[in-house]
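**Q** Need coordinates for the following:
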Amino acid sequence: MLLRWLIRHLCATPAELRVVLHALQQYRLHNRVPFEERDPHWSFDRRITRSVRLSLLVGLLVVHVESPQVFAAAWIALPLALLLALLRLGGALR
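**A** Numbering: from 1, shown residues only. Next up, the predicted model:
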């Protein structure tokens, strides 16, 4: 549900969705090739690297593809860490 919501809200057009899905497919293909045979100049599409929204979405989807457990834990750990940091800065924690 969360991924669907993120995709719907971060991709403004169907063309952006196709670019993101194609980038994920290319990333997975790139990682299947042995390290010695990989193209050293490979990178994501320029439309993704220039857009903060699409970069964020691709980054989150790559983390989800690589390790779903880390992706799931991050939604709990990151807000908790932010809350603890704010409480520490506010002087409530020493």
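**Q** Flag every buried residue along whichever strand or helix holds residue 24.
**A** With elements taken from DSSP states H and E, the one containing residue 24 is helix 14-32. Within helix 14-32, the residues scored as buried using 16 or more other Cβ atoms under 10 Å are 16-17, 19-20, 23-24, 27. No exception for glycine: its C-beta is placed from N, CA and C like everyone else's.
**Q** Equivalent analysis for stretch 78-85, please.
**A** Within stretch 78-85, no residue is scored as buried using 16+ other Cβ under 10 Å.
**Q** so which helix or strand takes in residue 92?
**A** Here residue 92 is assigned to no helix or strand, by DSSP H and E.
**Q** Kindly provide the whole-number mean pLDDT of the longest helix along the chain.
**A** Longest helix in the chain, counting residues (DSSP state H): helix 68-90. Mean pLDDT, helix 68-90: 80.
**Q** Report the distance from it to the chain centre.
**A** 16 Å (Cα atoms, centre = their mean, to the nearest Å).
**Q** mind checking how far residue 7 is from residue 41?
**A** Here the criterion is Cβ to Cβ, to the nearest Å. By it, residue 7 lies 28 Å from residue 41.
**Q** got any ranges where this structure has weak pLDDT?
**A** 1, 93-94 (pLDDT under 70).
**Q** switch to 80 and redo it
**A** Along the chain, the parts satisfying pLDDT under 80 run over 1-2, 31-33, 35-45, 70-78, 91-94.
**Q** what secondary structure does residue 40 sit in?
**A** At residue 40 the chain is in coil, as set by DSSP: H, G, I helix; E, B strand; the rest coil.
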